[in-house]
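Peer 1: Sequence below, structure please.
(one chain, ligands or ions: 1)
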Amino acid sequence: MLTCREVLDFLMAYVDGELPADEVARFEKHLAVCLSCVNYLASYRATIRAGKAAMRGPGTSLDKLPPDLVKAVEAARRALVQSGESE
Ligand SMILES: [Zn+2]
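Peer 2: Sure, this is the predicted structure:
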């Protein structure tokens with residue numbers, strides 16, 4: 001089982017469809033039981049929709065995205081990292 005932190009590491013590749021099938025399966029197994037990762041994924045996808053051009057490539061930057069979305073994603077990410085640390 002992946003940890004929330006590993007899910008965060010894989011998230012971009014997962015959303016981009018670049019994750020190998022076996023990793024996708026592990027990823028989705030975690031999502032099936034972890035609501036905070038599901039929520040994070042949802043806000044991450046919303047961010048991508050809003051700033052698709054800005055999210056391309058490995059040098060991804062949140063700088064060009066609407067501040068409200070950036071704030072929402074960062075808040076979700078912080079919550080996830082904290083819940084991962086409490087294990
Ligand atoms: Zn999780």
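
Peer 1: Now for the residue sitting nearest the centre point of the chain: which residues touch it?
Peer 2: Here the mean C-alpha position of the chain is nearest to the C-alpha of L11 (Cα atoms, centre = their mean), at a distance of 4.2 Å. With contacts taken as Cβ atoms under 8 Å, 6 or more residues apart in numbering, L11 has the following neighbours: Y40, L41, Y44. Just so you know, the C-beta spots here come from the backbone N, C-alpha and C atoms, and that holds for glycine as well.

Peer 1: Quick check: which element contains A76?
Peer 2: Using DSSP states H and E, A76 falls within helix 67-85.

Peer 1: Restrict that helix to CA atoms and write it as PDB.
Peer 2: What follows is helix 67-85 as a C-alpha-only set of coordinates in PDB (Å, rounded to 0.1, in the frame of the first residue of the first chain):
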ATOM      1  CA  PRO A  67      -4.200  32.300  -6.800                       C
ATOM      2  CA  ASP A  68      -7.500  30.800  -5.300                       C
ATOM      3  CA  LEU A  69      -6.800  27.400  -7.000                       C
ATOM      4  CA  VAL A  70      -3.100  27.500  -5.900                       C
ATOM      5  CA  LYS A  71      -4.300  28.200  -2.400                       C
ATOM      6  CA  ALA A  72      -6.800  25.300  -2.400                       C
ATOM      7  CA  VAL A  73      -4.300  22.800  -3.800                       C
ATOM      8  CA  GLU A  74      -1.600  23.900  -1.300                       C
ATOM      9  CA  ALA A  75      -4.000  23.600   1.600                       C
ATOM     10  CA  ALA A  76      -5.000  20.100   0.500                       C
ATOM     11  CA  ARG A  77      -1.400  19.200   0.100                       C
ATOM     12  CA  ARG A  78      -0.500  20.500   3.600                       C
ATOM     13  CA  ALA A  79      -3.300  18.500   5.100                       C
ATOM     14  CA  LEU A  80      -2.100  15.400   3.400                       C
ATOM     15  CA  VAL A  81       1.500  15.800   4.400                       C
ATOM     16  CA  GLN A  82       0.500  16.400   8.000                       C
ATOM     17  CA  SER A  83      -1.800  13.300   8.100                       C
ATOM     18  CA  GLY A  84       1.100  11.300   6.600                       C
ATOM     19  CA  GLU A  85       3.500  12.500   9.400                       C
END
